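**Q** Sequence and predicted model, in that order:
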Amino acid sequence: MVPRDPACCDDSRGPRDVHPHEGGRGGHRVSGIVDAVGVSKWYGEVLGLNAFTASFGRGITGLVGPNGAGKSTLFKLLIGQLHADQGGVRLLGENPWNNVPLMRRLGYCPEHNQMYGWLTGQQFVETLLRLDGMASADARKAATDALKVVGLSEAAHRLTRTYSRGMRQRTKLAQALAHKPEVLILDEPLSGADPMARVKILRTISEFAEAGGHVLMSTHVLYEIERITNNIVLIHNGKAIASGDIHAIRALIDTHPHAVRLDTPRPRQLAQALARLDHVVSFEFPSAEELLVRTRKPDAFYRELPGIVADTKLEVRGIESPDDSLDAVFRYLVG
């Protein structure tokens with residue numbers, strides 16, 4: 001389902017020779033689940049996408065870039081909410097603009113966390129299915145099944161305004177899955193989610209792909225996507241600058257300490273527990289309920305964090321990765 005969202009400059013510097021993206025308008029042919037060729041989109045004088053060319057194949061592909069890189073703009077083109085000013089996009093071989101039948105083959109999670117707070121999780125998913133034309137009894141069953149898949153059966157009848165950020169992310173994933181789409185487009189589905197919610201979301205996405213579905217997922221944290229796919233496209237300033245296997249590109253980022261911001265009511269106690277990890281470089285305490293961790297092995301950090309939280313019973317309400325580390329790598333790739 002595609003819920004409604006309530007809410008040109010030429011860079012002559014080419015990418016570094018690490019899976020460089022060779023797309024462009026010079027006859028480059030792409031063929032995938034999603035194809036974009038020479039796509040540009042302006043917001044007044046601001047360029048959201050700049051001659052973006054990429055192909056996203058079967059299975060799971062990560063679209064990785066800092067905030068403002070153009071990820072959400074590309075997704076809104078793919079779900080038919082925007083129209084390209086130049087170039088074109090194809091989803092499952094079709095133009096998404098004004099294409100209602102195609103939208104019914106698609107599940108979409110928007111980046112924003114706004115919901116109708118007076119509805120329960122069950123009612124929220126069920127209402128979106130009914131708006132899409134599903135019969136009442138069928139919508140009720142589909143919503144129940146989807147909430148079970150994302151691990152929210154026990155909270156299904158609570159008002160969404162009482163949900164944590166991680167629960168909201170899982171509810172959005174449930175509404176995207178409920179009508180059994182062929183393709184999922186997920187805009188920062190892990191943003192702000194707690195460690196346990198992240199594990200459940202990633203597992204659900206993996207199971208969808210293993211069953212034959214296709215996923216395009218955006219993130220500004222490269223190490224999140226590495227757990228479920230090797231295929232990524234890097235986007236920066238509206239351009240695709242590299243694509244291919246994640247491991248070669250990750251090697252660049254490992255030269256830069258990676259920052260992780262944790263939302264926790266006991267930051268100093270959590271820092272003490274994390275200090276035993278030999279790859280942790282430093283801690284900062286930006287506020288009374290924030291912990292900023294710098295690590296040289298972010299993949300290991302994200303893998304080990306849920307176990308430490310479970311063992312110590314210290315609450316972590318959310319995780320964010322500042323763009324500093326990723327920006328450093330993009331500056332290296334393009335400059």
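**A** Good, I have the coordinates.
**Q** can we go C-alpha only for contacts and neighbour counts from here?
**A** Will do.
**Q** What sits closest to R261 if chain neighbours are left out?
**A** Ranked by Cα to Cα, 6 or more residues apart in numbering and with sequence neighbours excluded, the top spatial neighbour of R261 is L292, at 4.4 Å.
**Q** and the next element down the chain from the helix or strand hosting the one you found?
**A** Assigned by DSSP states H and E, L292 belongs to strand 290-295. Next helix or strand after strand 290-295 toward the C-terminus (DSSP H and E): helix 298-312.
**Q** Can you name the element that comes right after that following helix?
**A** Helix 298-312 is succeeded, C-terminally, by strand 318-320 (DSSP H and E).
**Q** helices or strands up against that next one?
**A** With contacts defined as 3 or more Cα pairs under 8 Å, 6 or more residues apart in numbering; DSSP states H and E, the packing partners of strand 318-320 are strand 258-263.
**Q** before we move on, back to that, my read is that the residue nearest to R261 contacts F283, right?
**A** Yes. L292 lies in contact with F283 (Cα atoms under 8 Å); the separation is 5.6 Å.
**Q** next one: the strand holding L292 to chain centre, how far?
**A** 21 Å (Cα atoms, centre = their mean, to the nearest Å).
**Q** circling back to that earlier point, residue contacts, the residue nearest to R261?
**A** A259, V260, R261, L262, F283, E284, F285, P286 (Cα atoms under 8 Å, 6 or more residues apart in numbering).
**Q** in the sheet, who's paired with it?
**A** R261, E284 (DSSP bridges).
**Q** Domain boundaries for this protein, per the record?
**A** Per the record, the chain has its domains at 34-114+182-250, 254-334, by automatic domain parsing.
**Q** could I get those domains as JSON lines with distance to H157 and mean pLDDT?
**A** Formatted as JSON lines, these follow (distance: least, Cα to Cα, whole Å; pLDDT from 0 to 100):
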{"stretch": "domain 34-114+182-250", "distance to H157": "18", "mean pLDDT": "90"}
{"stretch": "domain 254-334", "distance to H157": "22", "mean pLDDT": "84"}
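**Q** Out of those, indicate the one that is most buried.
**A** Across the domains of the chain, averaging neighbours per residue (mean count of other Cα atoms under 10 Å) puts domain 34-114+182-250 on top, at a mean of 20.
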